[in-house]
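# Pasted the sequence and its predicted model underneath.
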Amino acid sequence: MVAKQANSPPVPVEQAATLRQQIVALLEQRTVTAKDLSMAIGLPEKQIYHHLEHIQRSLQQHKKRLCIDPSVCKKCGFVFEKRQRFQKPGKCPACRGQAIEEPRFSLLSSD
């Protein structure tokens, strides 16, 4: 006869910091794109944008702010200064080009 072993629930792996804390730590070190954050943390880029929106709201309590260097069209140099969304735009409104640099993110103290 083979003795049955009791199935124990899987033990979650302990993480030193939450995903958002990891993102904030990277943003404090240097200016990065969402793609850089995605590769460093191992999350899809779309999820990074969602976390950045939440981080922007929660940083106000810590007297810091998320600085966004806007996207720039590589073809004509148009700067997307008034854009509120974090994602890279699809087309340039000036030349209709699709070669657009991604926005870059960093943290600044608002003292």
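Nice, I can see it.
# Can you show me the strands along the chain?
32-33, 64-69, 104-109 (DSSP state E).
# list the contacts for residue 35?
When contacts are counted by CB atoms under 8 Å, 6 or more residues apart in numbering, residue 35 touches 45, 102. The C-beta positions use only the backbone N, C-alpha and C, and glycine is treated the same way.
# That one and residue 82, how far apart?
23 Å (CB to CB, to the nearest Å).
# For the lengthiest helix in the chain, give me every contacting residue.
Determined from DSSP state H, the single longest helix within the chain is helix 45-58. Residues outside helix 45-58 that contact it (CB under 8 Å, 6+ apart): 19-20, 23-24, 27, 34-35, 37-38, 41, 43, 65-66, 86-87, 105.
# okay, it in CSV with CA atoms only?
The C-alpha trace of helix 45-58 is given here as CSV (Å, rounded to 0.1, in the frame of the first residue of the first chain):
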residue,chain,number,x,y,z
GLU,A,45,3.8,47.3,-20.5
LYS,A,46,0.0,47.8,-20.3
GLN,A,47,0.1,46.9,-16.6
ILE,A,48,3.0,49.3,-16.0
TYR,A,49,0.8,52.2,-17.4
HIS,A,50,-1.9,51.3,-14.9
HIS,A,51,0.5,51.2,-12.0
LEU,A,52,2.0,54.6,-13.1
GLU,A,53,-1.4,56.2,-12.9
HIS,A,54,-1.9,55.0,-9.4
ILE,A,55,1.6,56.0,-8.4
GLN,A,56,1.0,59.5,-9.7
ARG,A,57,-2.0,59.9,-7.4
SER,A,58,-0.4,58.3,-4.3
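# Now that helix: buried residues?
Residues of helix 45-58 classed as buried: 45, 48, 49, 51, 52, 55 (neighbour count, 16 or more other CB atoms under 10 Å).
# Cool, thanks, talk later.
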